[in-house]
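Student: Based on what follows, work out the 3D shape:
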Amino acid sequence: MKTSPRVFIAVSALLALPVAPARAADGDWEHTVFIYGMGAAIDGEAQIGSLKVPVDVSISELFDALEFGAMGAYRADNGTWSFTVDATVMRLGGTSKTERGLVKGDLDVDQTTLMGTVGWRWTEHLEALFSLTYFDLSNDLAVRVTNPITGVVTRAEASKGASWVDPLVGLQYNVPIGDAWRFNLRGDIGGFGVGSDQSYHLLANFRWQANDTIGVVFGYRVIGFDYEDGKDRNYQRYDLTQQGPLVGVSISF
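Tutor: Sure, this is the predicted structure:
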């Protein structure tokens, strides 16, 4: 059986931090607000109780499933220390069928992700990062199977909520390219069994600074995690990887 629980973008969605603003003079704080979006493909596996479904969602399918979404971030940087808060709110839902229509799956998810990161500038262009990420998922899954011989329909439903906090450690490399561009490369790894068994985040992007206030960010991000909890009917597992391009606008002050 192959269906498309699109809503699990949440997990992932969440962990995207756009490129850091130009370095402020030591001791002076520079503040930046980001508004951004991401198109993503998701693959992996999701399970609630005995209901297990492979996840294989393209970017176009993901946008079809989106009912509501909002993403934003705030960063403060004084040249030595940085503090970033990133928030994602998603409401998604969709229906998937097999080629012959014998198996149909419906999935609805409400998801909130909050990520807080502290950065310490190790060298001129390299930051050491520590983050705490809070995930909150509310999932409703319904599967209908039609027997191709008898025509008998079997239905199964499951509803489950999950919330956890993952610690992550990472590095971020940021360097100017000419007068108006900057390149940013970030990698984080975490979970460590505290929340999920494992989570990771990779981000590469370019930022074009139109003026002292407005910038535009283009990039690509990969996010993955493996979370499981409970047993028997209360068991749930989400082993998912999300990746895709992102674009955003930054406002510095």
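
Student: Any figure for the gap between the nearest residue to Trp29 once chain neighbours are set aside and Val118?
Tutor: Take Trp29 and drop its neighbours on the chain: the residue closest to it by CB to CB, 6 or more residues apart in numbering is Asn78, 4.8 Å away. All C-beta atoms are positioned from the backbone trio N, CA, C, and that covers glycine. Noted for Asn78: a distance of 12 Å to Val118, by CB to CB, to the nearest Å.

Student: same check, this time on Pro176
Tutor: According to CB to CB, Pro176 and Val118 sit 23 Å apart.

Student: Please apply the same query to Val169.
Tutor: 11 Å.

Student: Please enumerate the shared neighbours of those two.
Tutor: Jointly contacting Val169 and Val118 under the rule CB atoms under 8 Å, 6 or more residues apart in numbering are 129-131.

Student: Would you mind finding the longest strand in the protein?
Tutor: Ranked by residue count, the top strand of the chain under DSSP state E comes out as strand 153-177.

Student: Which strands or helices does that one pack on?
Tutor: Contacts of strand 153-177 with other secondary structure elements, assessed using 3 or more CB pairs under 8 Å, 6 or more residues apart in numbering; DSSP states H and E, are made with strand 41-48, strand 126-146, strand 181-190, strand 198-209, strand 214-229, strand 236-252.

Student: Identify whichever of these lies nearest to Thr154.
Tutor: Comparison of the helices and strands packed on strand 153-177 against Thr154 by CB to CB identifies strand 126-146 as nearest, at 4.8 Å.

Student: Just the angle for the closest one relative to strand 198-209, thanks.
Tutor: Using axes from the mean of the first three to the mean of the last three CA atoms, to 10 degrees, the interaxial angle of strand 126-146 with respect to strand 198-209 works out to 120 degrees.

Student: List the neighbouring strands of strand 126-146 plus their orientation.
Tutor: For strand 126-146, the paired strands and their directions (DSSP bridges) read strand 103-121 (antiparallel), strand 153-177 (antiparallel).

Student: Return the most buried member of those strands.
Tutor: Ranked by average neighbour count under the criterion mean count of other CB atoms under 10 Å, those are headed by strand 103-121 at a mean of 20.
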